[in-house]
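> Turn this into a model:
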Amino acid sequence: MNQELPRTSNKVENTWALLRLLESCADGLSFKAVFAALLVSCRSVPEALERELKLRLRKDKTAEGKKLLASYVQWFAAKEKERQEDDSLLKFVEKARNEDVHGGIHHLVFPRAMINHAALSTSEGPPGTSSIVVNPDGVFYIVDADTAAERRIPVQGVDSTVEVHLATPLTHHLGKPVVQNDPISVATVAVNFYAEMLWEAGFKFIS
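The predicted structure is shown next:
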């Protein structure tokens, strides 16, 4: 953690925590929610860095301080150019984050779920359960049906496996082909990119 940039470091720590949660998700409902939160958290890193580091650098009114600030502005613009122009993975993070936040659209596909039906037949749901449904994104209790609180709750202990893909495969990141297109691999690359962005900023602009 960069002690000199605690707010941005907190954002990076959040992305790592969400990545660990994503790796442990056993149903599509949880996976979608954590994946969306991770994308939002990733995009918050440069926003926090821009505010926190620029404010710090502006406090130095010396000629050297002004030179360092100008260097930072140029560096940050180059990072934004990477994101905005020709990097399918970073553009995906931006697009998927925006469409989820503003339109409730996610970019995941769940082709099928493999279920142990013998275990499912003995499963008992929480209070308010009206039925059990088997969907491509998992097995769920339907709780409090036909009310404002109606929701799906994942069924535990039924040995189910959910398959998940990105809706559109990604092609390249930082000038190299994207070899692994599964959502966890893509999320891992994204988290590493923003973590390295913080590390590089601290190395270059904080003595």
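
> okay, now Trp16: neighbour count?
15 (other C-beta atoms under 10 Å). All C-beta spots, glycine's among them, are computed from the backbone N, C-alpha and C.

> What distance do you get for it to Phe205?
From Trp16 across to Phe205, the span is 22 Å (C-beta to C-beta, to the nearest Å).

> What of Asp182?
Distance from Asp182 to Phe205, by C-beta to C-beta: 35 Å.

> Point out where this structure drops to low pLDDT.
The chain contains residues with pLDDT under 70 at 1, 115-123, 157-160, 207.

> quick one on the thing from earlier: which of Asp182 and Phe205 has more neighbours?
A count of neighbours by other C-beta under 10 Å puts Phe205 above the other of Asp182 and Phe205, at 19 against 13.

> quick one: that one from Leu39, how far?
In terms of C-beta to C-beta, Phe205 sits 26 Å off from Leu39.

> cool, Arg152 as well?
The value you get for Arg152 to Leu39, if C-beta to C-beta is used, is 22 Å.

> if you count what's nearby, which of the two comes out ahead?
A direct count of neighbours by other C-beta under 10 Å for Arg152 and Leu39 places Leu39 higher, at 27 against 17.

> mind checking how far the more buried one is from Thr129?
From Leu39 to Thr129 the distance is 32 Å (C-beta to C-beta).

> Ok, Gly175 next?
For Gly175 relative to Thr129 (C-beta to C-beta), the value is 51 Å.

> higher neighbour count, these two?
Using other C-beta under 10 Å as the criterion, Gly175 and Thr129 rank with Thr129 on top: 17 against 8.
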